[in-house]
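Q: attaching a predicted model along with its sequence, questions to come.
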Amino acid sequence: MTECRLTINKKEYSVQVEEKWTLLYVLREVLGLTGTKEGCGTSDCGACKVLVDGKALNSCSLLALKMVGKDITTIEGLGSSDKPHPIQEAFVEAGAVQCGFCTPGMVISTKALLDENNDPTEEEIREGLSKNLCRCTGYVKIVDAVKLSVKKLKEMK
Amino acid sequence: MSKIIGSKTPIDDSLAKATGEAIYTTDISLANMCYGKLILSTIAFGKVKSIDFSEALKVSGVIDVLTYKDFPDEKYNSALRFKGHGILKTETVISETVRFVGDRIGIIIAESLKIAEKALKLIKVEYEEYKPLIDEEEAAVSEIKLHEGINNKVGTIATGAEADIVSNLIEKADFIFEDKIKIPMVNHVSIETFSVIGDYRSKKVTVYASTQNSFAVRVLISDVFNMPLNKVRVIQPTLGGAFGGKLEVVTELVAAGASMKVGRPVKIILTRKESMIASRTRNGATIEVKSGVNKDGTILATDYRILINTGGYVGSGMNVIGAMSHKLLKMFKYPLRYTGSPVVTNTPIAGAMRGYGSPQAFLGMHIHLDKIAKSLGLDPVEMLMKNIYDNKEVDILTFGNPEIKACLNRGKELFDWETKKSEIKEFNKNNPGLLRGVGVGIGAHGSGVYPAHQDCVNLLLRLNEDGTFNYWSASHDMGNGSLTAQKIIMSEVLTTDVIDIESTQVNTETCPWNLGDYASRGVFVEGQGSYKLAAAMKDLILETSVLMFKVHKEALTIKDKKVWLDNKALGSFGEIAMYAQTTLQKELTVLIDHHSIAGRTSYGAHFAEVEVDKVTGGIKVIDYVAVHDSGTVINRYGIEGQLEGGIHMGIGYALSEKMTFDDKGNLLENNLKKYHVFKANEMPKIKVDFIETGDNGGPFGAKSISECATVPSAQTIINAVADAIGEHTTHIPISKEEVLNIINK
């Protein structure tokens, strides 16, 4: 076990980790931040996406020890039911949530996409979500949710 | 109709899900909980001679290793639906004889998941190995039996028109067409894998499970471990997708038994690969179909034979075979003889998956029909129209209202079928590297399980002191929005908002009994139950108002959560509940039961345009239209979302998804790199619409959508590809190699 300091959702955590533990394992099993989901463990579905220095990455394939000094944001860091992020509101209002297991990862990918490109075309949206699998929606209403997010974020400015 | 029926209502727990606050089974930790890691067979057929776990036990943090000797040898059928359900029992909690790669042979219990995973690598298993049977056709005729006393071809269901009538009619036709179609197993790929916690304490077991079938899990635990039913509690936390895959008992019995052994809560989370090989799949199938057809495309009769691969154990094999027959007979009006058998093989267990046999049944049938239409030079839509039921020709009271022709007509119009057909001819002329084509597919599925067996639900509703409601429904919402639909139905009756009705998780100790959630019964059966429940609550509110306001019940109405006499509001629901509590000293609660005997069928017609790259053989779906007859739309968001998701699953079925095995029974597509689920940038634009003339037996004329959504989809794509390249492919999913071979002929 090695002690390391991780910055997650603007908070500092001091955690004991083993060399091979992934960020996902530390988030869920050590810190109890269960909003980030595991769908495959092989970096193929995107359910475990978190923001690492603003980029949406699969936390199942990141070693926790290598995350020292990085700025990590999980779904819990974006908003809560009492104070949801506009992207989270958009996913709800567009009817983009069904079983919800992919949703945290989808929301994180949307955040990274819109931080980089605040007015994406539909093609860019679909490309931006192409690392996230959804089995419920056919992506139709998820794409709608990203479009609605764009609108909401513009209105905030 | 009101503003709420047919409105666009987000699923009730979507904010909790979008913020990561929703609690799924995998998110739950209990005090003193430990972790279980399944030891799965690495061979497809054989006997476990020995398991050496001495090295595993030396790992610090390993609590115990359990094998078949530690679990009851009581046989069960994981597809059990209710106490006394008479289906063949072939499974045990932990196996000594293994029948597929992934069969459970033991469990490691450890302080953490990581320790359990580490210990798994140190387990040494010696097997006596037999040659596995992988394919259903091979297993059906093999001398080697997988299960003692049971034929590999487990049984046969023959139904529909009489065999001699069908063969005579086929002989009399202008043409005879025959096809053989093989369909591989596929996987549900719920994004949430299987999770379970077994918690045995004080002679009572609680199981938290990603299940669609809590009350049946309770019965199986009671049967296998010989426990009274009131000492077994099953709780279903938020479900991260199921699609039928979580209908059967998978890990619940192991978790319960392991917890009994170690005296602590035991949590098991299956990895993606484990979920693929050690849970359930959609049956692979071999279909042989023969039809007699006249020149004008009228089918005189069809002989339809199907073998399905039910995997290593019998499970729901016979049930799927039975279910798939009815759906064909509810679509095609000509004499159709159906003969079907499930076959056990040394592959993962097949079970329920969205459509429960209908996707295979219609896929085979509709590829056959499309080939006939192409051979006779007929428009495939026109040919379908000649051979399917018209709602003017059936007795709507007994048959229901089949609006499949309206679906086809509306779909043709939305898709612009005629124009597209001529446009693609031009396109293909002008684009030498590409080939476009269009296709149509139809399908049907039921709404509820009757008449296969009883179909009933019990529901409870309480009016609170502030006018809000609590709702106890053992309706397993898998993300399909059935609970939201039920709340919309009740809101319509009670003039409330959806948010005023709070539902509980399924908990077999606190919820009234229900069947599991299968057979698309969430709206048609449970929804109709919730309608009756709300009507009973309305009646109770009015009766209480009579006592409170000293008025005649007949003169009263409800609106905006208040009771009214003419245009005057007498009191709010909350005030009436308070009156009941303080003056009558009672709570305003209603409990109802509802059973459905209607067994209605839902229908859908899909249209697709595809583009084939003549150099690579790659296929892009570029346009898609789906029109369904699900009766009245209760929640537009819900029904559209279900349909769009169903189409996604069907496109994968046609173009990319398959579970295939090497000759030793190892799954080749064992992760999500190799098992390709369509991504956002690979999906076409989808347009959906609904024929809403309605049917009888369900709430406000509603029928089902969830399973029916996926039934017409794969054949639509396959038929469109055939239109593009001029010939039907023979492999499902379509392979680029075969496409290129056909193009380059």
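A: That came through, no problem.

Q: residues contacting residue B:225?
A: By C-beta atoms under 8 Å, 6 or more residues apart in numbering or on different chains, the residues touching residue B:225 are B:72, B:205, B:253, B:256-257, B:260. For the C-beta atoms, the positions are set from N, CA and C on the backbone; glycine is no exception.

Q: where's residue A:90, which helix or strand?
A: Assigned by DSSP states H and E, residue A:90 belongs to helix A:86-93.

Q: please read the previous query as pertaining to residue B:442.
A: strand B:434-447.

Q: and after that strand, which helix or strand comes next?
A: Sequence order places strand B:456-463 as the next helix or strand after strand B:434-447, per DSSP H and E.

Q: beyond that following strand, next helix or strand please.
A: Counting by DSSP H and E, what follows strand B:456-463 is strand B:469-472.

Q: tell me the angle the following helix or strand past that next one makes with strand B:456-463.
A: Following strand B:469-472 in sequence order, the next helix or strand is helix B:482-494 (DSSP H and E). Per axes from the mean of the first three to the mean of the last three C-alpha atoms, to 10 degrees, the angle that helix B:482-494 makes with strand B:456-463 is 60 degrees.

Q: which SS class is the closest residue to chain B within chain A?
A: Going by C-beta to the nearest C-beta, chain B is nearest to residue A:35 of chain A, at 2.0 Å. Reduced to three states with DSSP: H, G, I helix; E, B strand; the rest coil, the structure at residue A:35 is coil.

Q: circling back: give me the angle between the helix or strand following the helix holding residue A:90 and helix A:86-93.
A: Later in the chain than helix A:86-93, the nearest helix or strand by DSSP H and E is helix A:103-116. Angle of helix A:103-116 versus helix A:86-93, following the same axes, to 10 degrees, is 130 degrees.

Q: tell me the mean pLDDT over helix A:103-116?
A: Averaged over helix A:103-116, pLDDT sits at 98.

Q: residue B:15 touches residue A:92, doesn't it?
A: Yes. Applying C-beta atoms under 8 Å as the test, residue B:15 and residue A:92 come out as touching, 5.1 Å apart.

Q: quick one: common contacting residues for these two?
A: Contacts common to residue B:15 and residue A:92, judged by C-beta under 8 Å, 6+ apart, are residue A:84.

Q: what's the end-to-end length of stretch A:111-126?
A: Counting by C-alpha to C-alpha, to the nearest Å, you get 14 Å between the two ends of stretch A:111-126.

Q: scratch that, stretch B:237-252
A: Start-to-end, stretch B:237-252 (C-alpha to C-alpha) is 14 Å.

Q: quick one: average pLDDT of that stretch?
A: For stretch B:237-252, mean pLDDT rounds to 97.

Q: repeat for stretch B:122-135
A: Mean predicted confidence for stretch B:122-135 is 98.

Q: which parts of it are buried?
A: By neighbour count with 16 or more other C-beta atoms under 10 Å in any protein chain shown, stretch B:122-135 contains the buried residues B:122-123, B:125, B:127, B:130, B:132-135.

Q: just stretch B:458-477 next, same as before
A: Here stretch B:458-477 shows B:458-465, B:467-469, B:471-477 as buried, counting by 16+ other C-beta under 10 Å.

Q: near chain A too, which of those residues?
A: When contact is defined as C-beta under 8 Å from any C-beta of the partner chain, these do not meet chain A at all.

Q: which residues of the stretch 301-450 of chain B fall in helices?
A: Per DSSP state H, counting those that start in this stretch, the stretch 301-450 of chain B carries helices over the ranges B:317-329, B:358-376, B:380-387, B:396-399, B:404-415, B:417-430.

Q: meant to ask about the stretch 51-200 of chain B
A: Using DSSP H, counting those that start in this stretch, helices in the stretch 51-200 of chain B cover B:54-58, B:113-120, B:136-141, B:163-172.

Q: what's the answer for chain A, then?
A: Assigned by DSSP state H, the helices in chain A fall at A:23-25, A:75-78, A:86-93, A:103-116, A:122-128, A:140-156.

Q: right, so of these, which gets closest to residue A:61?
A: Nearest of these to residue A:61, taken as C-beta to C-beta: helix A:23-25 at 8.4 Å.

Q: sorry, back to before: which elements pack onto the helix holding residue A:90?
A: For helix A:86-93, the elements it packs on are helix A:103-116, helix A:140-156, helix B:14-18, judged by 3 or more C-beta pairs under 8 Å, 6 or more residues apart in numbering or on different chains; DSSP states H and E.

Q: buried stuff in the first one?
A: Within helix A:103-116, the residues scored as buried using 16+ other C-beta under 10 Å are A:103-114.

Q: gap between that helix and the chain center?
A: Relative to the centre of its chain, helix A:103-116 is centred 6 Å away, using C-alpha atoms, centre = their mean, to the nearest Å.

Q: over to the last one?
A: With C-alpha atoms, centre = their mean as the basis, helix B:14-18 stands 23 Å off its chain's centre.

Q: quick one: contacts of it?
A: Applying C-beta under 8 Å, 6+ apart, the contact partners of helix B:14-18 are A:81, A:84, A:88-89, A:91-92, A:95-97, A:99-100, A:103-104, A:107, B:11, B:21-22, B:238.

Q: swap the cut-off to 7 Å and go again
A: Helix B:14-18 has contacts (C-beta atoms under 7 Å, 6 or more residues apart in numbering or on different chains) with A:81, A:84, A:88, A:91-92, A:97, A:100, A:103, A:107, B:22.
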